[in-house]
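[1] one predicted model, sequence on top.
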Amino acid sequence: MSKAAKTSAGKKYVAIAGNIGAGKSSLTRLLSNHFKWEAYFERVEDNPYLADFYADMRRWSFNLQVFFLSSRFNQQQEIENLPHSVVQDRSIYEDAEIFARNLYEMALMSQRDYENYTELFQIMTSYLTPPHLLVYLRASVPTLVEHIQSRGREFESNISIDYLKRLNELYEDWVDRYHVGPKLIINVDDLDFVNHEEGRAEIISQIEGRLYGLFAE
C-alpha cells in the first residue's frame, strides 16, 4: 500500500478550488486515479436548480446556493468520518466567498436572502475541519471560456464574460485571505494537465511536494 493509500493517521483531505471551467473536475479525477484517493464531485448533472438558475439568476439564486451549501456540507461531514484520503471538487468556502457574494453584489440575491445565507454558512462551517491542502487553479477568462466551450454543457451557454470576470476577481480576493489551512496556487493558463503528460506530471509533483515533501505543512 502506497503512502497515499490511507489509514486514518495518514489520511489526506485535498480540496480543488477554481472558477467555472478552471479544470477542477479534471484535476479531481487525475489525483483520485494517481493517489488512489476517493473523489467527491460537485453535483452538477443532477442539480435540480442549475439550468433554471442560468436562465433566471435573480429568481433562483438563493435556492441554488442553499442547495450547493447543503450538498457540500453533507459531503464534508462524510469526508471527515472516512478513514482514507479524499479529493473534493470545489470547497464549501467558495459557495459563500465567491458565488453567493457575487450574486448579492450584482443585485441577483436580496440582502435578506444573502444575510440569511451567510449566517447559515457560518454556522455550518463552524462544525467542519478545513482541508489539509486547498489547491486553487488560477485561470484567465479566455482560458475559462475555452474550457467551457470544449465541454459543451448546454446550461453553461448563457454564462457571460462579465460574470466570469467578476468571479475571477472574487476568487483572487478570497485566496489572498484564505488562512484556515495550507494552500497551493497553480496557474493553468500555461499548464495543460488535461491533454499533456508533462502537465499532469508537473501538477502532481507540486501537490505531492506540498503534502509529503520536506517542508509539507
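    Happy to help now that I have it.
[2] if we go by neighbour counts, what in the longest helix anywhere in the chain is buried?
    Looking across the chain with DSSP state H, the single longest helix is helix 57-81. Neighbour counts over helix 57-81 (16 or more other Cβ atoms under 10 Å) mark 57, 60-62, 64-69, 71-73, 75-76, 79 as buried. (C-beta placed from N, C-alpha, C; glycine too.)
[3] excluding chain neighbours, what is closest to the residue nearest the centre of the chain?
    Closest to where the C-alpha atoms of the chain average out (Cα atoms, centre = their mean) is residue 90, at 1.8 Å. Leaving aside its chain neighbours, residue 90 sits nearest to residue 42 (4.9 Å; criterion: Cβ to Cβ, 6 or more residues apart in numbering).
[4] gap between the residue nearest to the centre of the chain and residue 107?
    Residue 90 sits 24 Å away from residue 107, taking Cβ to Cβ, to the nearest Å as the criterion.
[5] so where is this protein shaky, pLDDT-wise?
    Confidence mapping of the chain against pLDDT under 70 gives the ranges 1-9, 152, 154-155, 157-158, 214-217.
[6] need the CA coordinates for the helix or strand harbouring residue 14. PDB is fine.
    For residue 14, the enclosing helix or strand under DSSP states H and E is strand 13-18. Output of strand 13-18 as PDB, limited to C-alpha atoms (Å, rounded to 0.1, in the frame of the first residue of the first chain):
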ATOM      1  CA  TYR A  13      -8.200  15.700   2.500                       C
ATOM      2  CA  VAL A  14      -7.500  17.900  -0.500                       C
ATOM      3  CA  ALA A  15     -10.000  20.400  -2.000                       C
ATOM      4  CA  ILE A  16      -9.700  21.700  -5.500                       C
ATOM      5  CA  ALA A  17     -10.900  25.400  -5.900                       C
ATOM      6  CA  GLY A  18     -11.300  27.500  -9.000                       C
END
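[7] show me the contact partners of it.
    24, 27-28, 31, 37, 79-80, 85-91, 93-94, 129, 131-139, 171, 175, 188, 207, 211 (Cβ atoms under 8 Å, 6 or more residues apart in numbering).
[8] that one to helix 57-81, inter-axis angle?
    160 degrees (axes from the mean of the first three to the mean of the last three Cα atoms, to 10 degrees).
[9] strand partners of strand 13-18, parallel vs antiparallel please.
    Within its sheet, strand 13-18 is paired with strand 86-89 (parallel), strand 133-138 (parallel), according to DSSP bridges.
[10] what residues does stretch 192-206 touch?
    Stretch 192-206 is touched from outside by 23, 26-27, 30-31, 34, 184, 186, 191, with contacts defined as Cβ under 8 Å, 6+ apart.
[11] so which of those sit within strands?
    Among these, DSSP state E puts 184, 186 in strands.
[12] thought the residue nearest to residue 90 was touching residue 20?
    No - the criterion here is Cβ atoms under 8 Å, and residue 42 misses it with residue 20 at 10.4 Å.
[13] buried set for stretch 104-120?
    Buried residues in stretch 104-120, counting neighbours by 16+ other Cβ under 10 Å, are found at 104, 108-109, 113-114, 117, 120.
[14] closest to residue 150 among those residues?
    residue 108 (26.9 Å; Cβ to Cβ).
[15] show me what contacts that closest one?
    By Cβ under 8 Å, 6+ apart, the residues touching residue 108 are 57-58, 61.
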